[in-house]
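In: here is my input, please return the structure:
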Amino acid sequence: MPVTSKSSVTTDKIIEAASKLFSRQGYHGTSTRQIAQLAGVGENTLFRQFEHKEEIFWSTLRYHSSGLKLRRDLVEELAGFLAEIHAGDCGFS
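Out: Below you'll find the predicted structure:
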């Protein structure tokens, strides 16, 4: 069973909360106090994980863009497979 550090769980909670708030209110409309409150952590804990709000923002973008890259890879692989089927190259009759 993998061990998840308390710090990692806290960071994930902060990123999830920040993602929700940034998407609803924008960067300038979101405060670190609101992020901490939604994440269920103190603002001091938030700043132990991240130096400033901009770092939280970029972390949320990296988190969500990594999922997009994974999906893009899947779509490209599927498109190649479908092209093979269409060309009759994959052994299906």
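
In: quick check: Val75 vs Ala83, distance?
Out: Between Val75 and Ala83 the computed distance is 12 Å (CB to CB, to the nearest Å). Placement of C-beta: from N, CA and C, glycine included.

In: looking at this structure, which helix or strand is least sure?
Out: Lowest by mean pLDDT, DSSP states H and E among the helices and strands of the chain is helix 53-87, with a mean of 78.

In: and that one, what's buried?
Out: Burial within helix 53-87, assessed by neighbour count using 16 or more other CB atoms under 10 Å, is assigned to Lys53, Ile56, Phe57, Ser59, Thr60.

In: in JSON lines, list the residues you listed along with distance to Ala17.
Out: As requested, the buried residues of helix 53-87 are exported to JSON lines (distance: CB to CB, whole Å):
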{"residue": "Lys53", "distance to Ala17": "12"}
{"residue": "Ile56", "distance to Ala17": "9"}
{"residue": "Phe57", "distance to Ala17": "12"}
{"residue": "Ser59", "distance to Ala17": "12"}
{"residue": "Thr60", "distance to Ala17": "9"}
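
In: return the member of the residues you listed nearest to Asp12.
Out: Among those, Ser59 lies closest to Asp12 (CB to CB), at 10.2 Å.

In: I'd say the closest one and Gln49 touch.
Out: No - taking CB atoms under 8 Å as the definition, Ser59 is not a contact partner of Gln49, at 9.1 Å.

In: quick check: neighbours shared by these two?
Out: Where contact means CB atoms under 8 Å, 6 or more residues apart in numbering, the residues bridging Ser59 and Gln49 through contact with each are Thr11.

In: residue contacts, the residue most central in space within the chain?
Out: By CA atoms, centre = their mean, the chain has its centre lying nearest to Tyr63, at 2.6 Å. Applying CB under 8 Å, 6+ apart, we find Tyr63 in contact with Ile15, Ser19.

In: 7 Å instead?
Out: In this structure, Tyr63 makes contact with Ile15, judged by CB atoms under 7 Å, 6 or more residues apart in numbering.
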